[in-house]
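[1] Have a look at this fold, sequence not included:
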């Protein structure tokens, strides 16, 4: 019998564990199904494809001319010319390097868009965890209030309670029933938001729990942020693009070549031969190198400013997270140590305290427990900012 009971318990616990959907599971699903992420991915692919254009020499030119003579003595004349223009090979090498760097930058910007959506999804999930835990507490409060109301309605019939007391217990019962209904509406809203972010696919979120997160040292978080922040990495590629563009503009000051084949046919015969030309860059590219160097300096300054701002933001967020963690731990200890609800209800039933005293003491407990739930939510929401650099 004990063996059968144990097996049933294991099966129930296994089914319960499988029903739970962790935050990481939600984020993985959103990353795969979110329509905005898919659109961002398609935009990235389009930008990468665009960067691969213009990397080859211009198309060859073919010219043909036909000139009828004004008398039969001179006859007709025709010309044919085929030519190809091209830059120095270094120009094409610089263009290919720039295209590759631009593609990498587009990838980082896609990561930035994806991360922002995942941050929002994580925040919605954590809000839902809070509402779920609050719903569990509200259900207990509503049930307790109904029990107290039933008790005093019996006392009213027996003459052991007055109208003031019955009004108070009815108000409390209605209050917690309404609060529970409102909280359920908010839970539904969060679930619908997550489903929309998941491409319309709903999650079976049964008893969602906060993730097991450890607050790492600030230096570790800063190191991960500097190496993984997509905006900073995109700026790094922008710096490389600007540096490559300086070299490209310098290469464009080298002569451009033209080679081809020509033919001219007249009544007496024809002429055939090769053609060659060179363009001397004198005015067309004036100030282009100077402009490219200015752009390079501007991108370096922007990247440095962003890096400093990123470090400052993380340091500030870290201090807030530490404070919220201490606040959360403090409320958790208080919530675990105070278990006076049953004692209060026994005192009320035995007539040792009045209904007003009962709700006054209970209100203090409710306020403390609500602060505990809110402190947990605030801490985890703040942690999302610090944890994003691990995604």
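    Arrived safely. Please read these numbers as outputs of a predicted model, since none were measured by experiment. Numbering: from 1, shown residues only.
[2] rest of the way, CA atoms for contacts and neighbours
    Noted.
[3] Which residues does the helix or strand residue 37 falls within contact?
    If you go by DSSP states H and E, residue 37 is part of helix 35-51. Residues from elsewhere that reach helix 35-51, judged by Cα atoms under 8 Å, 6 or more residues apart in numbering: 31, 99-100, 102-103, 106-107, 110, 113-114, 117, 197-199.
[4] Show the subsequent helix or strand relative to it.
    Where DSSP H and E defines the elements, the next helix or strand beyond helix 35-51 is strand 61-67.
[5] What helices and strands are in contact with that next one?
    strand 77-86 (3 or more Cα pairs under 8 Å, 6 or more residues apart in numbering; DSSP states H and E).
[6] quick one: contacts of the strand it packs on?
    Applying Cα under 8 Å, 6+ apart, the contact partners of strand 77-86 are 57-69, 256-267, 275.
[7] hang on, the earlier thing: show me which residues of the helix holding residue 37 are buried.
    35, 36, 37, 38, 40, 41, 44, 45, 47, 48, 51 (16 or more other Cα atoms under 10 Å).
[8] Show me how far that helix is from its chain's centre.
    Chain-centre distance of helix 35-51: 16 Å, with Cα atoms, centre = their mean, to the nearest Å.
[9] Run the chain-centre distance for the helix or strand hosting residue 345.
    Using DSSP H and E, residue 345 falls within helix 341-350. With Cα atoms, centre = their mean as the basis, helix 341-350 stands 50 Å off its chain's centre.
[10] Give me the below-cutoff pLDDT ranges for the stretch 201-350 of the chain.
    The model of the stretch 201-350 of the chain has pLDDT under 70 over residues 339-341.
[11] where do the strands sit along it?
    Secondary structure of the stretch 201-350 of the chain (DSSP state E, counting those that start in this stretch): strands at 256-265, 270-279.
[12] Of all the ones you listed, which one is nearest residue 214?
    Of all those, it is strand 256-265 that lies closest to residue 214, at 60.8 Å by Cα to Cα.
[13] Neighbouring strands - and their directions - for the closest one?
    Strand 256-265 pairs in its sheet with strand 77-86 (antiparallel), strand 270-279 (antiparallel), by DSSP bridges.
[14] now what about it, what contacts it?
    Here strand 256-265 has contacts from 77-88, 270-280, using Cα under 8 Å, 6+ apart.
[15] now do 10 Å
    60-66, 76-88, 270-281 (Cα atoms under 10 Å, 6 or more residues apart in numbering).
[16] quick one: buried residues of it?
    258, 260, 262, 264.
[17] For residue 63, the count of nearby residues, please.
    By other Cα atoms under 10 Å, 10 other residues sit near residue 63.
[18] excluding its backbone neighbours, what's nearest it?
    residue 81 (5.0 Å; Cα to Cα, 6 or more residues apart in numbering).
[19] Identify the bridge partners of that neighbour.
    Residue 81 forms beta bridges with residue 63, residue 262, as assigned by DSSP bridges.
[20] and it, how many neighbours does it have?
    With other Cα under 10 Å as criterion, residue 81 counts 18.
[21] how far away is it from residue 311?
    63 Å (Cα to Cα, to the nearest Å).
[22] do residue 203 as well
    For residue 203, the distance to residue 311 (Cα to Cα) stands at 36 Å.
[23] Nearest to residue 328 among the buried residues of strand 256-265?
    Proximity of the buried residues of strand 256-265 to residue 328 (Cα to Cα) peaks at residue 258, which lies at 74.5 Å.
[24] Mind listing the residues bridging to the closest one?
    Beta-bridge pairing for residue 258 (DSSP bridges): residue 85, residue 277.
[25] Quickly note the distance from it to residue 290.
    27 Å.
[26] do the same with residue 141
    On the measure of Cα to Cα, residue 141 and residue 290 end up 72 Å apart.
[27] for residue 372, same thing?
    60 Å.
[28] got it, and residue 232?
    Distance of residue 232 to residue 290, given as Cα to Cα: 25 Å.
[29] Most neighbours among the contacts of helix 35-51, which one is it?
    Most neighbours among the contacts of helix 35-51, by other Cα under 10 Å: residue 197, with 26 neighbours.
[30] Isn't that residue up against residue 30?
    Yes - counting by Cα atoms under 10 Å, residue 30 is a contact partner of residue 197 at 6.2 Å.
[31] Residues in contact with stretch 213-229: which ones?
    108, 111-112, 115, 232-233, 307, 310-312, 314-315, 317-319, 321-322, 325, 380, 383-384, 386-391.
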